[in-house]
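Undergrad: Next one to model:
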Amino acid sequence: NWQTLPATDEPRYPQLELASLRDEVDLVLLSSEPYPFRDRHRALVQAELGSAVPVAPVAGDMLSWYGSRAIAGLAYLRRCARRLAQELPTERSPSPGELSA
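TA: Numbers count the residues shown, from 1 in each chain. Just a heads-up that it's a prediction; the model follows:
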């Protein structure tokens with residue numbers, strides 16, 4: 001039941017004004033692929049969105065390779081949801097049951 005921003009796939013590489021999304025975003029996942037987001041990017045995103053919006057790194061190879069890793073990627077995302085549900089405040093926690101394989 002997670003939603004992505006933007007909701008459309010155009011343009012291929014969208015540019016978002018993070019500060020304007022502060023009230024719309026509950027969680028930001030920064031992938032290691034295809035663009036290798038690093039700790040400095042995490043800090044920049046956190047600064048734009050504020051400390052109330054968690055920013056978490058994820059393994060891009062599990063989420064970005066459609067087809068070859070799709071099934072394993074769904075299982076990985078479920079594990080991420082469970083981990084984040086334990087780490088995040090209750091009002092922001094994604095429910096692992098919301099994700100289905």
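Undergrad: Now stretch 71-81: buried residues?
TA: Of the residues in stretch 71-81, 73, 76, 77, 78, 80, 81 count as buried by neighbour count, 16 or more other CB atoms under 10 Å. In this view, the C-beta of every residue, glycine as well, is placed from N, C-alpha and C.
Undergrad: what about that stretch, distance to the chain center?
TA: 12 Å (CA atoms, centre = their mean, to the nearest Å).
Undergrad: Tell me the secondary structure of residue 41, please.
TA: When classified by DSSP: H, G, I helix; E, B strand; the rest coil, residue 41 comes out as helix.
Undergrad: mind listing what the closest residue in space to it that isn't next to it in sequence touches?
TA: Here the nearest residue to residue 41 in space, its sequence neighbours aside, is residue 30; by CB to CB, 6 or more residues apart in numbering that works out to 6.2 Å. Contacts here follow CB atoms under 8 Å, 6 or more residues apart in numbering; on that basis residue 30 touches 37, 41, 42, 45, 55, 56, 57, 58.
Undergrad: okay, the buried residues of stretch 71-81 in TSV with distance to residue 4, secondary structure and pLDDT next?
TA: Below are the buried residues of stretch 71-81 laid out as TSV (distance: CB to CB, whole Å; DSSP: H, G, I helix; E, B strand; the rest coil; pLDDT from 0 to 100):
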residue	distance to residue 4	secondary structure	pLDDT
73	14	helix	90
76	16	helix	92
77	12	helix	89
78	17	helix	90
80	14	helix	90
81	14	helix	88
